[in-house]
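Visitor: Test case, fold it:
(one chain, ligands or ions: 1)
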Amino acid sequence: MSAASVFEVTDLRVTIPRAGTRTNVLDGVSFAVGAGQCLGIVGESGCGKSLALRAAMGLLPPGVERAGGDVRGEGLAMVFQDSHGSLDPTMRVGAFVADTIRRHAGVTRREARGRALELLAAVGIPAPQLRARAYPHELSGGLRQRVAIALALATEPRVLLCDEPTTALDVTLQAQILALLDKARAERGLGMVFVSHDIAVIRQVADVVAVMYAGQIVEIGPAAQVLDRPRHPYARALLDAVPAIDGPIGRFRSVAGSPPDPADYDIACRFRDRCGHRDAACEAPVAGLDGRAPAHSSACVHEHRPATVSEGT
Ligand SMILES: Nc1ncnc2c1ncn2[C@@H]1O[C@H](COP(=O)(O)OP(=O)(O)OP(=O)(O)O)[C@@H](O)[C@H]1O
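Guide: Residues are numbered from 1 along each chain as shown. Sure, this is the predicted structure:
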């Protein structure tokens with residue numbers, strides 16, 4: 001792992017069972033995150049964003065397997081869209097956070113209880129003494145999400161993997177939770193990976209943006225460059241699809257057509273059936289990008305040919 005990275009994923013491959021065999025849903029996914037840095041991952045539903053985080057955490061659903069790849073990084077914690085799965089419905093939330101602290105810090109029960117209250121306060125839970133005694137189902141979605149973040153921070157992580165952590169919340173709560181995560185990143189120097197459908201959210205949190213398509217990274221680079229000057233035809237379609245004023249703010253509108261089924265993922269560009277710039281060159285093998293060196297780059301074959309064949313010239 002490079003000295004500057006706190007989290008590095010190399011050539012991650014994940015398979016699912018399909019028709020008696022195993023099908024790749026992720027292949028060749030590589031990226032790295034430095035301390036205090038946030039990598040945003042965007043892409044249509046099904047492109048593999050969640051499985052990339054879950055594979056790195058070792059939390060894949062039954063039947064889904066990591067078939068290759070190297071994951072380096074210590075102190076990984078994850079926050080999900082739906083915090084129900086991370087909380088124990090039978091335990092009061094304060095006790096659950098305190099237990100987690102005790103497991104990680106080896107402190108006394110009493111100290112752990114004190115720290116749990118501090119953490120609940122730090123994530124903006126009003127009246128933490130009172131809320132600590134609640135069971136998860138007694139809290140609102142916004143409070144539960146804050147508890148889930150407190151729980152993730154209770155493990156004193158160095159890397160926080162966030163899978164759409166604010167998607168289920170209203171806009172005001174969403175802004176509060178994003179601010180909270182950003183504060184944790186800045187104060188604790190956390191490396192973050194943040195998956196979202198929402199371009200406005202990604203613009204707010206990410207330093208580096210990776211665009212995934214059909215199980216691969218097809219574009220990566222500094223956030224402002226990728227979001228404002230996307231180069232891969234898929235990234236352009238996805239980002240051009242952000243409606244101005246006539247749709248939900250910041251959400252992607254869908255790109256025409258649909259991605260291939262994982263069983264049809266091949267070695268040529270997986271976007272070519274939907275691409276307005278398709279030509280014979282698109283049948284050549286093309287690999288996903290190595291996101292560990294995130295200079296602005298695109299996997300499109302036309303990027304690697306003379307300018308005369310590219311769009312508009
Ligand atoms: N438990 C599972 N069993 C079988 N296939 C799965 C499972 N979970 C995901 N997949 C498949 O793996 C691929 C990647 O799914 P993944 O959930 O990572 O996509 P995603 O980009 O996170 O989508 P979304 O934005 O909808 O969450 C998809 O083709 C999906 O159908």
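Visitor: Distance-wise, check the residue lying closest to Gly276 once chain neighbours are set aside relative to Ala105.
Guide: Distances taken as Cβ to Cβ, 6 or more residues apart in numbering place Pro233 nearest to Gly276, at 6.9 Å, with adjacent residues excluded. Bear in mind the C-beta positions are built from the backbone N, C-alpha and C, glycine included. Per Cβ to Cβ, to the nearest Å, Pro233 is found 49 Å from Ala105.
Visitor: okay, the two: which has more neighbours?
Guide: Pro233 (25 against 14; other Cβ atoms under 10 Å).
Visitor: Please tell me I have it right and the more buried one contacts Asp279.
Guide: No: counting by Cβ atoms under 8 Å, Pro233 stays clear of Asp279, with 11.8 Å between them.
Visitor: Give me the pLDDT for Ala105.
Guide: You'll see Ala105 listed with a pLDDT of 86.
Visitor: And the residue nearest to Gly276, how close does it get to Leu227?
Guide: Counting by Cβ to Cβ, the gap from Pro233 to Leu227 is 16 Å.
Visitor: Is any residue of stretch 29-46 near the ligand?
Guide: Yes: contact of stretch 29-46 with the ligand (Cβ under 6 Å from any ligand atom) involves Gly43, Ser45, Gly46.
Visitor: Next, count neighbours for the residue of the stretch 201-313 of the chain found nearest the ligand.
Guide: Proximity to the ligand, evaluated over the stretch 201-313 of the chain using Cβ to the nearest ligand atom, is greatest for Pro262 at 5.0 Å. If you count neighbours by other Cβ under 10 Å, Pro262 ends up with 20.
Visitor: Same question for Ser140.
Guide: 10.
Visitor: same check, this time on the one 5 residues further on
Guide: When neighbours are defined as other Cβ under 10 Å, Gln145 has 27 of them.
Visitor: what's the residue most central in space within the chain in contact with, if anything?
Guide: By Cα atoms, centre = their mean, the chain has its centre lying nearest to Val195, at 2.6 Å. By Cβ atoms under 8 Å, 6 or more residues apart in numbering, the contact list for Val195 reads Gly40, Ile41, Val42, Lys49, Ser50, Ala52, Leu53, Cys162, Asp163, Glu164.
Visitor: Dihedrals phi and psi, it?
Guide: phi -100, psi 130 (degrees, to the nearest 10).
Visitor: same question, Pro294
Guide: Residue torsions, per degrees, to the nearest 10, at Pro294 are phi -80, psi 50.
Visitor: In contact with it, which residues?
Guide: So Pro294 contacts Phe31, Ala32, Leu39, Val208, Ala210, Ile220, Gly221, Pro222 (Cβ under 8 Å, 6+ apart).
Visitor: go with 10 Å
Guide: By Cβ atoms under 10 Å, 6 or more residues apart in numbering, the contact set of Pro294 is 31-33, 37, 39, 207-210, 217, 220-223, 225-226.
Visitor: Most neighbours among those, which one is it?
Guide: Ile220 (30 neighbours).
Visitor: Who is it paired with across the strands?
Guide: Ala210, Ser297 (DSSP bridges).
Visitor: near the ligand, which residues of the stretch 201-313 of the chain?
Guide: So far as Cβ under 6 Å from any ligand atom goes, the stretch 201-313 of the chain lies against the ligand at Pro262.
Visitor: Poorly predicted segments of the stretch 201-313 of the chain, please.
Guide: Scanning the stretch 201-313 of the chain for pLDDT under 70 picks out 241-254, 304-313.
Visitor: if we can go back for a sec, so which of the residues of stretch 29-46 next to the ligand would you say is closest to His296?
Guide: Gly43 (17.0 Å; Cβ to Cβ).
Visitor: give me phi/psi at Ala127?
Guide: The phi/psi pair for Ala127 (degrees, to the nearest 10) is phi 50, psi 60.
Visitor: again, but for Ser140
Guide: phi -70, psi 170.
Visitor: my guess is it meets Ala168, correct?
Guide: No: under the criterion of Cβ atoms under 10 Å, Ser140 makes no contact with Ala168, lying 11.2 Å away.
Visitor: picking that back up, just the ones of the contacts of Val195 in helices?
Guide: Counting by DSSP state H, the contacts of Val195 place Lys49, Ser50, Ala52, Leu53 in helices.
Visitor: I'd like the contacts of Val195 laid out as TSV, including pLDDT, distance to Val71 and neighbour count.
Guide: As requested, these are exported to TSV (pLDDT from 0 to 100; distance: Cβ to Cβ, whole Å; neighbours: other Cβ atoms under 10 Å):
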residue	pLDDT	distance to Val71	neighbour count
Gly40	97	19	25
Ile41	97	15	28
Val42	95	21	27
Lys49	95	16	23
Ser50	94	15	18
Ala52	96	10	28
Leu53	96	11	22
Cys162	95	17	28
Asp163	94	16	21
Glu164	91	21	18
